[in-house]
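K.L.:
Just need the structure, nothing else, for what follows:
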Amino acid sequence: MDHNDILDFLKSSKLIAIQKDYEFSYIFNKGTNNEYVSQHAFIYCYAIELSESEAVEVFVEIKKHKRTAKKLDTFEKWKPFKKTDKTAFYNLYVGETENLTARTRSHVKGFRGCGGIRLNELPELITKKNVHFAAIQVRNNSEERKTIEKELNSISQSLLKTTSISSDIVKELLE
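P.N.:
Model (predicted):
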């Protein structure tokens, strides 16, 4: 997957006021050394490249685990943001944040009281694939960023919903 594909998807919002592109790659299976903390805000996307049959399998598996976004009740609503001859690039999650490092950590592992997509808990069907990440730094205010996030989800709906780790689960993990 070319990270420019994800960046192009993020830039498709007409409202976005781009500060800088961050074309680094976060690949779930391999980890990352790319951390960035800024006083500026970011729009970001986790994406995965799949064939149509793989996408159907992933959708069914995520739905079975009750991790799909509320608006995605059928596979047909999970549209890719880019297609190639054999595969397509699917939006796992689009979000916005002012602290990219903390937010990516919450999406990878989850923190108590902080919602995230918890990539580390996704079924092997997804984790055996590379989950890609790209972000762009923006000058938009919080309200505008929420509008951009909604606009991007209207183009290609996020598959995953965020969930929080409850204090009971944290206690269980610590025992």
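K.L.:
could you pull out the strands for this protein?
P.N.:
Ranges of strands in the chain, per DSSP state E, are 18-22, 41-50, 82-83, 88-97, 132-138.
K.L.:
Among these, single out whichever gets nearest to residue 67.
P.N.:
strand 88-97 (10.3 Å; CB to CB). Yep, even glycine has a C-beta here, placed from its N, CA and C like the rest.
K.L.:
That closest one to strand 132-138, inter-axis angle?
P.N.:
Relative orientation of strand 88-97 and strand 132-138, computed by axes from the mean of the first three to the mean of the last three CA atoms, to 10 degrees: 40 degrees.
K.L.:
Tell me what angle strand 88-97 forms with strand 41-50.
P.N.:
160 degrees.
K.L.:
Who are the packing partners of strand 88-97?
P.N.:
Packing partners of strand 88-97 (3 or more CB pairs under 8 Å, 6 or more residues apart in numbering; DSSP states H and E): helix 3-11, strand 41-50, helix 52-64, strand 82-83, helix 100-108, helix 142-155.
K.L.:
in it, what counts as buried?
P.N.:
88-97 (16 or more other CB atoms under 10 Å).
K.L.:
if we can go back for a sec, mean neighbour count and mean pLDDT for the helices and strands packed on strand 88-97 - can I get that in CSV?
P.N.:
Converted to CSV, the helices and strands packed on strand 88-97 look like this (neighbours: other CB atoms under 10 Å; pLDDT from 0 to 100):
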stretch, mean neighbour count, mean pLDDT
helix 3-11, 19, 74
strand 41-50, 23, 89
helix 52-64, 16, 92
strand 82-83, 14, 92
helix 100-108, 19, 79
helix 142-155, 16, 87
